[in-house]
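**Student:** sequence? don't have it. structure:
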Ligand SMILES: [Zn+2]
């Protein structure tokens, strides 16, 4: 445990490589490059992909699958540490995506319910406000007058 800093996953290419590794298919660098090309249409440079794989290997997140006889490299696979690392990355992404969705969601100004496609908008005190329904708008206006 000399290095504690995690690898940065700042591109969709890297993220997709992790997905591929997690899918437990037998992979090689070559296969990964092909999948990236086929699935994402990316033309990520093989060098950057091999560099990333090398970094993952140095971290102990992936390891070579050796061929039984000749000792030739048959492919790469995820180690249990790599599996944990990817789970961590994925949950971080989940949180990010949830936060992004949350921030775009409108809520009813009266009852606080989340509003999706259908909601009711009314201008209250010169301010456009969103409500789930006309009744909530009415309730909101009434409570505003009371206060
Ligand atoms: Zn409401």
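**Tutor:** Nice, thanks for sending it over. Computed from a predicted model, the values in this text were never measured in an experiment.

**Student:** distance of the residue nearest to the spatial centre of the chain from residue 17?
**Tutor:** The centroid of the chain falls nearest to residue 93 when counting by Cα atoms, centre = their mean (3.3 Å). Separation of residue 93 from residue 17 (Cβ to Cβ, to the nearest Å) stands at 14 Å. Using the backbone N, CA and C atoms, a C-beta is placed for each residue, glycine as well.

**Student:** and the residue nearest to the centre of the chain, what element?
**Tutor:** helix 80-104 (DSSP states H and E).

**Student:** Residues contacting that helix, please?
**Tutor:** Applying Cβ atoms under 8 Å, 6 or more residues apart in numbering, the external contacts of helix 80-104 come out as 6-7, 9, 15, 18, 21-22, 56, 59-62, 78.

**Student:** Could you pull up the mean pLDDT of that helix?
**Tutor:** Mean pLDDT, helix 80-104: 86.

**Student:** ok, the helix or strand following that helix: who's next to it in the sheet?
**Tutor:** Next in sequence after helix 80-104, counting helices and strands by DSSP H and E, comes strand 106-107. Strands that pair with strand 106-107, judged by DSSP bridges, come out as strand 114-115 (antiparallel).

**Student:** Now the element after the strand it pairs with, going C-ward?
**Tutor:** Following strand 114-115 toward the C-terminus (DSSP H and E): strand 120-124.
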